[in-house]
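Trainee: could you look at this predicted model? Sequence included:
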Amino acid sequence: MIRARLRVVLSVVVVSHAVLSRAVPAQDLRPYRPAFDVVDYALTIDLPDTGATIRGNALLTVTRTSPSDTLVLDLLDLGVDRVTVDGRAAKFSRQPATVAIVLPHKGGSRPQYKVSIDYGGVVTDGLIVRQDSAGRWTYFGDNWPNRARHWIPSIDHPSDKATVTWRVRTPAGRTVVANGKLMSTHAVRDANGAERVEYVWRESRRIPVYLMVIAAAPLEQFDLGETDCGLAELQRCVPQSVYTAPEQRGFLPGPFARAGEIVQLFSNLVGPFPYEKLSHLQSSTRFGGMENASAIFYADGGFRRRSMADGVVAHETAHQWFGDAVTERDWPHLWLSEGFATYFAALWTRAARGDSAFRVQMAEIRDAVLTDTTVVQKHPVIDTIETNLLALLNRNSYEKGGFVLHMLRAQVGERAFFDAVRSYYAKHRHATAVTDDLRAEMERASHQNLGWFFDQWLRRPGYPEVAATWSYDAGTHEVVIRVAQSGRFGAFQFPVTLAAIDSAGVAHRATLHMVATSGAAQQLRIPLAAAPASVALDPDVELLAALKVVHE
Ligand SMILES: [Zn+2]
């Protein structure tokens, strides 16, 4: 990782970055199982008529990127019957959480292996098996953060991205939806000779294992049509559809009525939509929504109660770019996924419902940060200590991360911000990134050194606590405002807008640049003919801070 600390050493940094890029391809910067890179999964799953016993074959194409004679894959619960490497039976040892496979010797710096695993058993997680309210058996993948290992032999970490082909054999009466493009459906017999329908789906872009999913349930398709035409990466338009239980069809298009506009907005702001299609599914996910690449799974309650709104659609759709196409290389950088999805959902609000609705949403996001007493005040957004991955789904990763992007946009300016977002996305799509990759693009686009900004907002807990007192100087006809920060979380550097509201309701604005020294108050004077009716701190909701203003 290269940190461009000062612009005066930029030429040196650029050279060393180029050297590093040649020596270590970005896909090899993998903190987990670094000797191996799975480049493709071909996954065959046989689903039963009832219950949770599955049979599977996983054929992995694996590149060895540094010397090692044993490939270790993650797999919980299920039994392994047979392993072959390049078509020959291979020795393996089954541990409770892994399968260790002995590889034959191969020369070359990056030899490749075809590793096949026959496995099966009763799935307990990762693939959620349950009967719906009408008693029908349903199967939905739900892998985040590392639950794919309950049903997919894999290198189960976001740093290892791969293409995937799904071959799912299911009894008639279920529709199968998975990542990517539907390649074929036809009648087959499964390993036990039973009649089945086989669906083959292929995702041609590299995605992390936590996004590799199938749905197999009595789903009905509601076609949203071709959207985003001229703005997609893989074809001219993005076919979008919604899949629900038959009983929920009357709800549609409901929150998906503007799904095409949502994809179009983000394509315009960030880059072409990255996948073959975009499906939205009523599912059994344990989350409100899960951004599985090209097949978003939503909790079924929102469909059954018909309470779902387009905010969650915008959030999960934004993830197709942030999290799915550009994936955080390691968990402490989760905000690159959730903070972006939070902020881009707010940008959808702005596009759909205007500036005041956007400001209301940003104020709600800020309130969520300021009222959090468990995480925000104790941990930085980039949290290298937390080991419970589910605990990272917190107000730091989502709301604080989202609001930091809002402040970054103000810090560098609208044009530099979106230029940097676009180049960050273009450089890292179908690969991985860490926070410094975003910082590098923001610094390049803005010609600013932003180390202080990223450090104070993302590598320290808390936020500024800002108190302002004001008085009116009738002699000079000025509103005199004194602003101080408490320093409870250390002193911050930030601009804050102050507005003196006159008796006619007109706001007279000025900006004060607070320096990072706690305690000492800074003063600002706003010319005004008569005493103001009131003074507002941060009237446009641009600052993540606890704010208090009093008349002296
Ligand atoms: Zn999210």
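Mentor: Perfect, I can see it now.
Trainee: and the stretch 201-350 of the chain, which of its residues are near the ion?
Mentor: Within the stretch 201-350 of the chain, the residues that sit near the ion (Cβ under 5 Å from the ion) are Glu338, Ala341. For glycine as for every other residue, the C-beta is placed from the backbone atoms N, C-alpha and C.
Trainee: smallest gap between the stretch 201-350 of the chain and the ion, at which residue?
Mentor: Ala341 (4.2 Å; Cβ to the ion).
Trainee: what helix or strand is that residue on?
Mentor: Using DSSP states H and E, Ala341 maps to helix 335-353.
Trainee: got the buried residues for that helix?
Mentor: Within helix 335-353, the residues scored as buried using 16 or more other Cβ atoms under 10 Å are 335-352.
Trainee: quick check: closest non-adjacent residue to the residue positioned nearest the centre of the chain.
Mentor: What sits nearest the mean C-alpha location of the chain, by Cα atoms, centre = their mean, is Ser337, with 2.6 Å. The spatially closest residue to Ser337, leaving aside those adjacent along the chain, is Gly323, at 3.3 Å (Cβ to Cβ, 6 or more residues apart in numbering).
Trainee: and what of Pro34?
Mentor: Spatial nearest neighbour of Pro34, chain neighbours left out: Ser66 (6.7 Å); criterion: Cβ to Cβ, 6+ apart.
Trainee: what does Phe256 give?
Mentor: Closest residue to Phe256 apart from its sequence neighbours, by Cβ to Cβ, 6+ apart: Val242 at 5.1 Å.
Trainee: what pairs with the helix or strand where the one you found lies, parallel or antiparallel?
Mentor: For Val242, the element it lies in under DSSP H and E is strand 238-244. Paired with strand 238-244 in the same sheet, following DSSP bridges, are strand 220-227 (antiparallel), strand 278-283 (parallel).
Trainee: write out the residues of this structure neighbouring the ion.
Mentor: Residues of the chain lying near the ion (Cβ under 5 Å from the ion): Glu338, Ala341.
Trainee: any low-confidence regions in the chain?
Mentor: For the chain, the stretches with pLDDT under 70 are 1-28, 518.
Trainee: and for it, the residue most distant from the center?
Mentor: Outermost in the chain, Cα atoms, centre = their mean: Gly475 at 55.1 Å.
Trainee: surely it is within a strand?
Mentor: No: the assignment for Gly475 (DSSP: H, G, I helix; E, B strand; the rest coil) gives coil, which keeps it out of a strand.
Trainee: what are the contacting residues of the strand holding Val242?
Mentor: Strand 238-244 is contacted from outside by 175, 177, 215, 219-228, 231-232, 251-253, 256, 259-260, 263, 273, 275, 277-282, 303, using Cβ atoms under 8 Å, 6 or more residues apart in numbering.
Trainee: and Ile207, bridged to which residues?
Mentor: When assigned by DSSP bridges, Ile207 has beta-bridge partners Ala162.
Trainee: hang on, I meant Ile101
Mentor: Leu71, Phe92.
Trainee: my guess is it meets Ala89, correct?
Mentor: No: if you go by Cβ atoms under 8 Å, Ile101 and Ala89 don't touch, sitting 11.0 Å apart.
Trainee: between those two, which contacts overlap?
Mentor: By the contact definition Cβ under 8 Å, 6+ apart, Ile101 and Ala89 are jointly contacted by Val83.
Trainee: so between the two, which is more surrounded?
Mentor: Neighbours per residue, other Cβ atoms under 10 Å: of Ile101 and Ala89, the larger number sits with Ile101, 24 against 10.
Trainee: how far away is that one from Val421?
Mentor: Shown here: Ile101 relative to Val421, a distance of 41 Å by Cβ to Cβ, to the nearest Å.
Trainee: do the same with Ala516
Mentor: Distance, Ala516 to Val421, by Cβ to Cβ: 27 Å.
Trainee: in the stretch 351-500 of the chain, what residue is nearest the ion?
Mentor: Closest to the ion within the stretch 351-500 of the chain is Tyr398: 7.1 Å, counting by Cβ to the ion.
Trainee: and that residue, what does it touch?
Mentor: With contacts defined as Cβ under 8 Å, 6+ apart, the neighbours of Tyr398 are Trp335, Glu338, Gly339, Ala341, Thr342, Ala368.
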